[in-house]
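> Next come a sequence and a model predicted from it.
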Amino acid sequence: MRPLRRLIGILAVLLLIATACGDDDDDVGTVTEGTAGGGSEEEDADLEGQSVEVAAVFTGTEQENLEAVLAAFEEETGATVDYTSTGDDVGATLGPRIAAGDAPDVAFLPQPGLMRDFVADGSLQPVQDVAGDLVDENYDPIWRELGSVDGTLYGVWFKAANKSTFWYNVGVFDDAGVEAPQDWAGLQDVAQTISDSGVAPISIGGADGWTLTDWFENVYIRTAGPEMYDMLAAHELPWTDESVTTALTTLAEVFGSAELLAGGTEGALQTDFETSVAKVFAEPPDGAMVYEGDFVASVISDDIGAELGTDADFFDFPSIGGSEPTVVGGGDVAVLLSDSEAGRELIRFLATPEAAEIWAERGGFLSPNQQVDLEVYPDDITRSLAESLVEAETFRFDLSDLQPAAFGGTIGQGMWKLLQDFLADPSAVDAIAQQLETQAAAAFG
Amino acid sequence: MTEGTGTTGPSTAASLAVPPAAGRRRWLNRRHRVAVLFLLPALVLLGALVVYPILYTVVRSLQDRAGDDWVGLDNYRSAFTSDRTRIAIKNNMIWVAVAPTVATILGLVFAVLAERVRWQTAFKVAVFMPMAISFLAAGVIFRLVYQTEPELGLANAVVTGVGGLFDPSGDYVGARPADEELLVPDGDGFRAVPDFEPGDTAALGLLALRPDDLPESAGPARAAGPGQDAIGGVVWLDFTPGGGGERGVVDGEERGLPGVRVEVLRDGSVAGGATTGDDGSWAVVGLDPGTYQLRLAPSSFSEPFQGFNWLGRSLVTAATIGAFLWIWAGFAMIVIGAGLAAIPRDVLEAARVDGAGEWQVFRRVTVPLLMPVLLVVAVTLAINVLKIFDLVFIIPPGDVQDDANVIALEMWRVSFGGGNDQGLGSALSVLLFILVLPAMAFNIKRFRSEGP
């Protein structure tokens, strides 16, 4: 036994050394040349000889697509752009670099909260004078607001995600003779008819708590409105508020009808996100529709192999009580960290429809820029996703992403766990609201 | 990290600290100086990687979440008053009581059996193989094994496969009445609400069946016109594919449900029955005048045995222990097998010559002789089980993680997994450390008494 333990000890030490080396490599890899000063010929934006460093989370195909956008910028201006991937945790990567005075010139941040933090640190340059006119011209005011801190524009939203979409099996809808519903009551009618036709209507990936937080957010913003949503997101409103119990009660109209859920309540709780999508497009189908964001499209086409547009289609999250078209989602905002001319030009470039169209054409991308020609999107589904996004009257960020991780993003606790408890027993509205408030209060400190 | 080194550390530290005691008079004579010189690198390493982390963990457990203020024993108090920790401690006790014992017994059984089979090596390799898989991977495998749906989860595939032999499934599982005022569920079957008299026609529509799932023979539905002394009608799927059909009416494309047993009751006892034909029609003839009740027999609708909800609240700990056994039974078998090989054969022979049966030899000779080995295996596994983390982290889905919780997982959750309270986490590590100590002490004592 002791030799075994000794062996394990040695292995542990080796592992430590290996990880330590790994970290070093990463550090070396991310150190790239910052700004290089050069003659400024502002009139024709000729940036020959200047270089810009861009940092973002994108890797793989997404990185290639962004690099295509950056290559167009290089071609137009003569500047050289270096791309650095930050890994998943942008804040953790950029924070130390900013502190060390080695910040990239331009970064894409996946959360408005992070942008606010960096503004509070004084790490960001305002871009009001750089791209303010383009943002006013090309974007809905909501995106200007989301890119501003205290009224000053600090960021240009380049990429967006739409998490207000139901994906459905076209064949099952046809068999049942129903159409995509427009409102919440319609959704329940459609679900009931599909259930009559012999297929469980709604597939929920309840084993992953985040799918349930997305459900709740979409219902909440439609029943309580965007202003209350903002207050709840900042925890200026307690979770015991009537608006929360109203939303939960509304949600219970679906969660509480076990016969509408694929596999019943227990089945829904044991289904993870990928499986919840797979169930809908399986043969024979074990679900007619599944709610989640635009990324379901890639699960359908890449992992399941169903044909988007023919086998699968989507409809917007239905309106509740006459709520206006609303999208809950996410996005990436481009911010300026150095006061370099090339960096400013790049921010300006990213606010133009031309820049967005380069990526839009390549797929897997929605632009919040209203001037982007919808025709450039590669297929009908992406086109209508983009259309829902730019035509939404209201856009808000995923609420759980704005919470402290302990409350909004951890397996087995906070919103994830409590909404799973709610799915298990949808009658316990008040108890769940009370527990949400207790845990939110603890997480916000 | 602190946790891992902390719990394995003391055994080495203690055994290394044995030598002194001799040098009472001049403890720094030449021989001792050389010894100290040689021990120094090890001592420095142990100090930095074992002793310091343990002490710092104890210190940290007395501080608050950020490590700024001293909070005395508050962390221990909140550890013992939180429901989550209480469940974790309870589960840890279940684990320690069940897992090492069962793994040792399984190991013993395998070892004894393996001695007697011809393909000994192959058998041993097969049982030992899971040890070669990382716990994380094993956890992922068992997460799949325990899926509820028999098509996905091996455990339920086996259970329902066996269960299905005794409890055949009906053809129309999941059907619902189309008109709840006409037909209501009654057990697995259905009961008609109104009474019927001979000469009446009963059109009993059902819903929620996929047309593709109907038997091939099912044809367009048609109601049987009953005679004067008969009640007849149709049992059919009242849903027109593509929608548009009228509820309660047999529309053009709607199909009958063949093979459903319709029973006619009078005053609670069965007065007659019929089975629906391919078009769903049925008729019970030869009835006396009077009022009758109708019933659809449950056999067509009874749901097959669905297997167990392995990862539900009540079974999740048992299921996770099952995965642990799959991995560790092989280890126990190998160690016990080595002990078994060392038992003097003549003792066994002597017992047999004295007329003992195989069971008696096993029970009275083999097991007592093996007892020291069995104890070491059980205690080692107990230490292992106290620290169990990976399987409990991977196998239970998020919503039952609280119910499957163990101390090591709770420690990770409060300190890193979103809780960010390393004070409380340290208090839990100290608790875990204290729980492991007796087992460690036992093993050290054994090692020493076996030493030269």
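Good, I have the coordinates. Numbers count the residues shown, from 1 in each chain, chains lettered A, B, ... in the order given.
> If we go by neighbour counts, what in whatever helix or strand residue B:446 lives in is buried?
Per DSSP states H and E, residue B:446 falls inside helix B:422-450. By 16 or more other CB atoms under 10 Å in any protein chain shown, the buried positions in helix B:422-450 come out as B:422-433, B:435-436, B:439-440, B:442-443. Bear in mind the C-beta positions are built from the backbone N, C-alpha and C, glycine included.
> now stretch B:286-295
Buried residues in stretch B:286-295, counted by 16+ other CB under 10 Å: B:287, B:292, B:293, B:294, B:295.
> Now for those residues: which two are most distant?
B:287 and B:295 (14.7 Å; CB to CB).
> Tell me which residue in the stretch 201-350 of chain A sits closest to chain B.
residue A:207 (4.4 Å; CB to the nearest CB).
> Just want the residue of the stretch 51-200 of chain B that's nearest chain A.
Nearest residue of the stretch 51-200 of chain B to chain A (CB to the nearest CB) works out as residue B:148 at 5.4 Å.
> In contact with the residue in chain A that chain B sits nearest to: list those residues for me.
With CB to the nearest CB, the shortest gap between chain A and chain B falls at residue A:177, namely 1.8 Å. For residue A:177, the contact set (CB atoms under 8 Å, 6 or more residues apart in numbering or on different chains) comprises A:193, A:197, B:240, B:241, B:242, B:243, B:244.
> again, 10 Å this time
Taking CB atoms under 10 Å, 6 or more residues apart in numbering or on different chains, we find residue A:177 in contact with A:193, A:194, A:197, B:239, B:240, B:241, B:242, B:243, B:244, B:245.
> Could I get the phi/psi values of it?
For residue A:177, the backbone dihedrals (degrees, to the nearest 10) come out as phi 70, psi 40.
> Check residue A:131 too.
The phi/psi pair for residue A:131 (degrees, to the nearest 10) is phi -130, psi 10.
> For the residue nearest to it when sequence neighbours are not counted, list the residues it contacts.
Leaving aside its sequence neighbours, residue A:131 sits nearest to residue A:351 (CB to CB, 6 or more residues apart in numbering or on different chains; 4.3 Å). Neighbouring residues of residue A:351 by CB under 10 Å, 6+ apart: A:127, A:130-139, A:147, A:153, A:156-158, A:334, A:369, A:371.
> Can you check the pLDDT for residue A:351?
Model confidence at residue A:351, given as pLDDT, is 95.
> Check the separation of the first and last residues in stretch A:257-267.
13 Å (CA to CA, to the nearest Å).
> Show me what counts as buried in that stretch.
A:257, A:260, A:261, A:262, A:263, A:265, A:266, A:267.
> State the mean pLDDT of that stretch.
Per-residue scores along stretch A:257-267 average to 90.
> do it and chain B meet?
Yes: for a cut-off given as CB under 10 Å from any CB of the partner chain, stretch A:257-267 has contacts with chain B, namely A:259, A:263, A:266, A:267.
> The third one and residue A:424 touch, don't they?
Yes: judged on CB atoms under 10 Å, residue A:266 makes contact with residue A:424 at a distance of 8.2 Å.
> In space, not sequence, find me the middle residue of the chain.
This is for chain A. residue A:330 (3.3 Å; CA atoms, centre = their mean).
> that's the wrong chain, I meant chain B
residue B:319 (1.4 Å).
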